[in-house]
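>>> what shape does this take:
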Amino acid sequence: MRSILEAFAKNDATTTVKIIATCLILGIAWLWWDCIKLRNPRDQITGENSVKNNSCNDPNCIRCHSKSNRHRETLERNVILLRRLMKMEPEIFEGMREEIVRVAEETVAKMHVGIDHRGSANEEVLNLSNSLKKITHFLGLDNDTLEGNKKYFQPIEIDDGQGMSCSEEMTSSLPLSPQPGQDPTVFFLPGLEAVPLHKQTTIHHMKQPETQSKNDGANSKYQFYRGCPRNCPCNRLWKSSPIAETNSPPIRLTGDIEALHQNFHIIRKELQQLVSYKDHFVPFDTQVYSNVTESSHTSSHFDTKMKKPSWSSIYLYHQGLRRSETCNKYFPQTTLLIESKCPHRMAGKCGLGSVYFSKLDPNIKVMEHCGPTNVRWRCHIPLVVPNAKRFHKRGWESRSHLRVGRPDVNEQIVEWEEGVPILFDDSFLHSALHVRTTADKGADESRIVLIIDFWHPSLSEADRTALGVLYPPGL
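Below is the predicted model of the structure:
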């Protein structure tokens with residue numbers, strides 16, 4: 001500023017022109033950089049609803065710190081590893097989405113990480129490449145498993161309720177990613193079906209009007225569907241309709257969520273036995289949740305001096321890694337159920353998936369955030385849910401619920417009910433709220449759910465193997 005004033009004072013025309021030209025160049029450069037940032041379509045779609053500053057202080061958290069040096073270097077090495085494996089064992093990756101490698105390479109390019117691959121990184125690639133069995137065993141995908149899992153990717157079979165089974169291809173009418181409010185923090189794969197909340201497809205029967213049934217001369221019943229479309233990929237996780245007794249395929253839909261639903265009491269019993277004599281829940285970082293007032297549900301700064309943790313967890317699988325002591329000692333039946341009845345389970349095969357119990361204490365809100373990726377769907381199995389409704393002039397108001405999606409665009413609100421599964425895409429903006437008042441019965445009761453991450457059902461086994469190489473358990 002002083003140089004500018006001096007230049008004008010001395011009427012030095014040359015200096016003045018230089019200063020003005022420099023300012024113009026800097027202004028043009030700033031405008032150019034601002035335009036570059038707007039080229040990302042996901043930034044335009046998510047906008048201000050993408051909460052990126054809601055991060056914890058755990059340096060190993062891949063959702064919050066995927067751009068750390070350790071994670072960046074590991075991803076770059078794993079991209080090289082995947083390229084080598086694709087050349088050496090092409091049959092394992094046959095039919096893989098080409099976008100997976102492209103997105104991973106673009107992610108690395110944006111990170112601007114310079115690593116000398118002539119050293120330990122290259123040796124690691126060669127060692128793993130020379131033993132494909134070591135890779136596939138670690139990911140749980142040997143050749144027999146790959147062959148056996150092909151049946152999960154056949155056309156969906158849904159019984160029409162009359163002993164006849166109709167087949168529908170996986171082509172879905174659902175919108176594809178990216179969608180408003182969808183902004184995963186680590187890995188984003190475009191072109192996957194994307195809606196905030198997935199409700200189970202159910203078939204309902206209703207009697208036809210008498211006049212119509214007489215004219216048709218047919219059955220006086222007709223059927224209609226509720227929930228997601230019949231050809232939505234989520235039907236692979238929900239319970240299938242009754243199977244016809246004759247000529248039924250050996251497997252149509254995997255029914256991962258139905259297996260958890262049917263064994264809800266077993267899971268809850270193991271949890272109650274553990275917490276009855278000792279609370280093993282470990283608190284989350286207080287940066288990602290806050291206190292809320294009982295009257296307005298508005299957030300307030302969390303009091304770090306509180307003795308009791310307000311949002312905490314017990315992990316069975318953390319970022320893909322199995323915690324054997326917890327699984328074997330405290331939750332053997334739950335672990336057996338998950339590992340044997342949930343073929344779409346992501347944990348154990350990829351570092352982007354976890355399985356854990358989540359406890360939310362009264363008057364706490366988990367702040368709005370997006371999950372790490374859209375290649376997974378998250379499921380809640382509510383185990384302990386206190387009654388959290390109160391009556392207003394406009395009716396009953398829920399004070400314990402999950403919000404998913406961008407407000408005023410595609411937001412969905414769903415209440416937890418004990419034993420009733422909830423399936424949603426946590427790459428969308430979402431938050432959780434549990435409010436209790438002193439007038440409520442059991443005002444100090446917490447909400448506890450089992451959270452399990454599933455692969456996006458549209459991903460093939462080759463896609464999942466590639467993602468497991470890029471983001472292995474424990475990344």
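
>>> where in this structure is pLDDT low?
1-13, 32-54, 112-172, 203-225, 239-254, 277-278, 293-309, 388-398, 437-444 (pLDDT under 70).

>>> need the helices for it, in chain order.
Under the criterion DSSP state H, the chain carries helices at the ranges 2-10, 13-37, 41-46, 69-88, 98-111, 120-129, 132-139, 143-148, 210-216, 256-262, 264-275, 324-330, 332-341, 461-470.

>>> mind listing what residue 403 touches?
The contact partners of residue 403, by CB atoms under 8 Å, 6 or more residues apart in numbering, come to 368, 411, 412, 413, 430, 431, 432, 433. (Glycine included, C-beta is placed from N, CA and C.)

>>> from those, pick the one nearest residue 233.
residue 412 (17.6 Å; CB to CB).

>>> surely that closest one touches residue 198?
No - counting by CB atoms under 8 Å, residue 412 does not reach residue 198; the two are 9.8 Å apart.

>>> quick one: which of these two has more around it?
Under the neighbour definition other CB atoms under 10 Å, residue 412 and residue 198 were set side by side, and residue 198 has more, 26 against 16.

>>> tell me the contacts of the more buried one?
Counting by CB under 8 Å, 6+ apart, residue 198 touches 228, 232, 234, 377, 423, 424, 425.

>>> spatially, which two of these are the most separated?
232 and 424 (13.2 Å).

>>> for residue 29, see how far away residue 23 is.
Here residue 23 is placed at a distance of 11 Å from residue 29 (CB to CB, to the nearest Å).

>>> for residue 338, that is, sorry about that
53 Å.

>>> now, the contacts of residue 403 that are in strands?
Of these, the ones assigned to strands by DSSP state E are 368, 412, 413, 430, 431, 432, 433.

>>> can you turn the buried part of these into a PyMOL selection?
Entered in PyMOL, the line below selects the buried ones among the ones in strands among the contacts of residue 403, by 16 or more other CB atoms under 10 Å:
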select buried, resi 368+412+430+431+432+433
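
>>> between the ones in strands among the contacts of residue 403, which is closest to residue 102?
residue 430 (27.5 Å).

>>> quick one: that closest one and residue 404 touch, right?
Yes - Residue 430 is within contact range of residue 404, at 4.4 Å (criterion: CB under 8 Å).

>>> shared neighbours, those two?
With CB under 8 Å, 6+ apart, residue 430 and residue 404 have common neighbours 196, 424.

>>> follow-up on the earlier one: which neighbours do residue 412 and residue 198 share?
Shared contacts of residue 412 and residue 198, counting by CB under 8 Å, 6+ apart, come down to residue 424.

>>> so which bits of stretch 82-97 are buried?
The neighbour-count check on stretch 82-97 (16+ other CB under 10 Å) flags 82, 84, 85, 86, 92, 93, 96, 97 as buried.

>>> greatest separation within those residues: which pair is it?
Pairwise distances across the buried residues of stretch 82-97 peak at 18.6 Å for 84 and 97 (criterion: CB to CB).

>>> touching, residue 194 and residue 183? I think so.
No - look at residue 194 against residue 183 with CB under 8 Å: they stay out of range, at 11.4 Å.

>>> correct me if wrong: residue 343 contacts residue 256.
Yes - contact criterion CB under 8 Å: residue 343 and residue 256 qualify, at 6.7 Å.

>>> contacts only, for residue 186.
Neighbouring residues of residue 186 by CB under 8 Å, 6+ apart: 62, 63, 66, 352, 372, 373, 471.

>>> against residue 74, how distant is the fourth one?
Meaning residue 352. Taking CB to CB as the measure, residue 352 falls 13 Å from residue 74.

>>> out of these two, which sits in the more crowded spot?
More crowded of residue 352 and residue 74, by other CB under 10 Å: residue 352, with 28 against 20.

>>> from what I can see the more buried one touches residue 467, true?
Yes - under the criterion of CB under 8 Å, residue 352 makes contact with residue 467 at 7.3 Å.

>>> hey, what's in contact with both of these two?
Taking CB under 8 Å, 6+ apart as the criterion, residue 352 and residue 467 both touch 187, 375.

>>> can you count the residues close to the residue nearest to residue 374 when sequence neighbours are not counted?
Excluding the flanking residues, the one nearest residue 374 by CB to CB, 6 or more residues apart in numbering is residue 427, at 3.8 Å. Residues contacting residue 427 under the criterion other CB under 10 Å number 32.

>>> tell me who's in contact with residue 427.
Here residue 427 is in contact with 177, 182, 183, 184, 188, 194, 370, 371, 372, 373, 374, 376 (criterion: CB under 8 Å, 6+ apart).

>>> now these in CSV, with neighbour count and distance to residue 461?
Below are those laid out as CSV (neighbours: other CB atoms under 10 Å; distance: CB to CB, whole Å):
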residue, neighbour count, distance to residue 461
177, 22, 21
182, 29, 25
183, 25, 28
184, 25, 22
188, 22, 21
194, 21, 21
370, 26, 27
371, 23, 22
372, 24, 21
373, 25, 18
374, 27, 18
376, 26, 15
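
>>> any idea how far apart the tips of stretch 61-75 sit?
Start-to-end span of stretch 61-75 (CA to CA, to the nearest Å) is 14 Å.

>>> may I see the buried residues of that stretch?
Buried residues in stretch 61-75, defined by neighbour count with 16+ other CB under 10 Å: 61, 62, 63, 64, 65, 66, 71, 72, 73, 74, 75.

>>> of those residues, just say which sits nearest to residue 317.
After measuring the buried residues of stretch 61-75 against residue 317 - CB to CB - the closest member comes out as residue 62, at 13.5 Å.

>>> how many residues are close by the nearest residue to residue 459 once chain neighbours are set aside?
Spatial nearest neighbour of residue 459, excluding adjacent residues (CB to CB, 6+ apart): residue 375 at 6.2 Å. Neighbourhood size, residue 375 [other CB under 10 Å]: 27.

>>> wait, which of the contacts of residue 403 is closest to residue 289?
Nearest to residue 289 among the contacts of residue 403 is residue 432, at 8.4 Å by CB to CB.

>>> residue contacts, that closest one?
Applying CB under 8 Å, 6+ apart to residue 432 gives the contacts 360, 365, 366, 401, 402, 403.

>>> so the residue nearest to the fourth one when sequence neighbours are not counted versus residue 408, what's the distance?
Read it as residue 401. What sits nearest to residue 401 in space, not counting adjacent residues and going by CB to CB, 6+ apart, is residue 415, at 4.7 Å. Distance of residue 415 to residue 408, computed by CB to CB: 20 Å.

>>> which of the two has more residues huddled nearby?
Set side by side, residue 415 and residue 408 show more neighbours around residue 415, with 15 against 8, by other CB under 10 Å.

>>> hang on, the more buried one packs against residue 400?
Yes - using CB under 8 Å, residue 415 is in contact with residue 400, at 6.6 Å.

>>> which residues does the residue lying closest to residue 448 once chain neighbours are set aside contact?
Closest residue to residue 448 apart from its sequence neighbours, by CB to CB, 6+ apart: residue 384 at 4.1 Å. Neighbour list for residue 384: 268, 271, 418, 445, 446, 447, 448 [criterion: CB under 8 Å, 6+ apart].

>>> redo that, cut-off 10 Å
268, 271-272, 275, 357, 359, 416, 418, 445-449 (CB atoms under 10 Å, 6 or more residues apart in numbering).
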